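Chemist: Need a 3D model of the sequence below.
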Amino acid sequence: MKITWLGHSGFRIEIEGAVILLDPWLTGNPMFPAERRAEAIAGATHVLITHGHGDHTGDAVGIARDAGIPVAGIYDLVSHWEAAEGISGIGFNKGGTVDLGGAKVTMVAASHSSSLSGPDGPIYAGHEAGYMIEGEGHVIYVSGDTDIMADMGWMGEYHAPDIGILACGGHFTMDMKRAAWAAKKYFAFKTVIPCHYKTFPLLAQTADDLTAGLPGVNVIEPDVLSPITF
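Modeler: The predicted structure is shown next:
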């Protein structure tokens, strides 16, 4: 199994028979080297979206259309794209589980907002979400953009993820200290990978506070397009 950061909150997750592009924002992403786009999306089988904001959905429709692969995510947003953009979709909702190439992907709650940009202001895009991705003997918790939630308590107990991909750059999501507190309180991660940081000066530039707050946990600050193998 491989997890590769694409900058910001984008990841390439190779698990079971799937190559999942999670929240692929490549075009205009200051963390992503544009000349390596083909490498990042090669062999992709699915796009998985946490919510509608442009820094998570920027390249989703284009990749899905060009590669002929489905977008999975909250029903409202995916069904809109199916009708308006002519792409294939897998729309589901919180508590639902879908099979993506042998990986079992369950949608769970997040606490944020979700919209698309429109000419007259934001357009409703369904609810924000996170995911539990199970396969190859691992469970990955993708927090999506969120603050700490009491729901993390049952999510950690029920799904028992060993890997956490946590959006924790602050300002728009929980920060590093809050993420460390949540990870200790609600989960028993062996590995934590931070995201939604470094992209802009407004966000945290290091994960030092996350690492300091999680002794005994393997906190990996990812490098863009450098696979982490499990």
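
Chemist: can you pull out the helices in the chain?
Modeler: Taking DSSP state H, the helices of the chain run over residues 37-41, 54-57, 60-67, 75-85, 151-159, 176-186, 208-213.

Chemist: Could you export these as CSV, including distance to residue 219?
Modeler: Backbone N, C-alpha and C define where each C-beta goes, glycine included. Converted to CSV, those look like this (distance: least, CB to CB, whole Å):
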stretch, distance to residue 219
helix 37-41, 24
helix 54-57, 23
helix 60-67, 28
helix 75-85, 31
helix 151-159, 17
helix 176-186, 9
helix 208-213, 4
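
Chemist: so which of these comes closest to residue 108?
Modeler: Among the helices of the chain, the nearest to residue 108 by CB to CB is helix 151-159 (5.5 Å).

Chemist: Which of the residues in the closest one are classified as buried?
Modeler: By neighbour count on 16 or more other CB atoms under 10 Å, the buried set for helix 151-159 is 151-152, 155-156, 159.

Chemist: List just the nearest of these to residue 134.
Modeler: Residue 134 has its nearest neighbour among the buried residues of helix 151-159 in residue 159, at 7.8 Å by CB to CB.

Chemist: quick one: contacts for the closest one?
Modeler: By CB atoms under 8 Å, 6 or more residues apart in numbering, the residues touching residue 159 are 106, 108, 132, 134, 139, 141.

Chemist: about what we covered before: in CSV: the helices of the chain, plus distance to residue 3 and mean pLDDT.
Modeler: Output for those, formatted as CSV (distance: least, CB to CB, whole Å; pLDDT from 0 to 100):
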stretch, distance to residue 3, mean pLDDT
helix 37-41, 13, 97
helix 54-57, 17, 96
helix 60-67, 18, 97
helix 75-85, 23, 97
helix 151-159, 17, 98
helix 176-186, 17, 98
helix 208-213, 17, 98
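
Chemist: quick revisit: take the buried residues of helix 151-159 and lay them out in CSV including distance to residue 28.
Modeler: Putting those into CSV (distance: CB to CB, whole Å) gives the following:
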residue, distance to residue 28
151, 32
152, 32
155, 32
156, 35
159, 34
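
Chemist: Nearest spatial neighbour of residue 195, chain-adjacent residues omitted?
Modeler: Residue nearest to residue 195 in three dimensions, not counting chain neighbours: residue 9, with 4.8 Å by CB to CB, 6 or more residues apart in numbering.

Chemist: Count the residues that sit near that neighbour.
Modeler: For residue 9, the neighbour count with other CB atoms under 10 Å is 28.

Chemist: Return the distance of the residue at the greatest distance from the centre of the chain relative to residue 86.
Modeler: Relative to the C-alpha centroid of the chain, counting by CA atoms, centre = their mean, residue 120 is the outermost residue, at 27.8 Å. Residue 120 sits 24 Å away from residue 86, going by CB to CB, to the nearest Å.

Chemist: One more: residue 175?
Modeler: 39 Å.

Chemist: what do you get for residue 205?
Modeler: 40 Å.

Chemist: With residue 181 instead?
Modeler: Separation of residue 181 from residue 86 (CB to CB) stands at 44 Å.

Chemist: okay, the two: which has more neighbours?
Modeler: Between residue 181 and residue 86, residue 181 has the larger neighbour count (other CB under 10 Å), namely 15 against 10.
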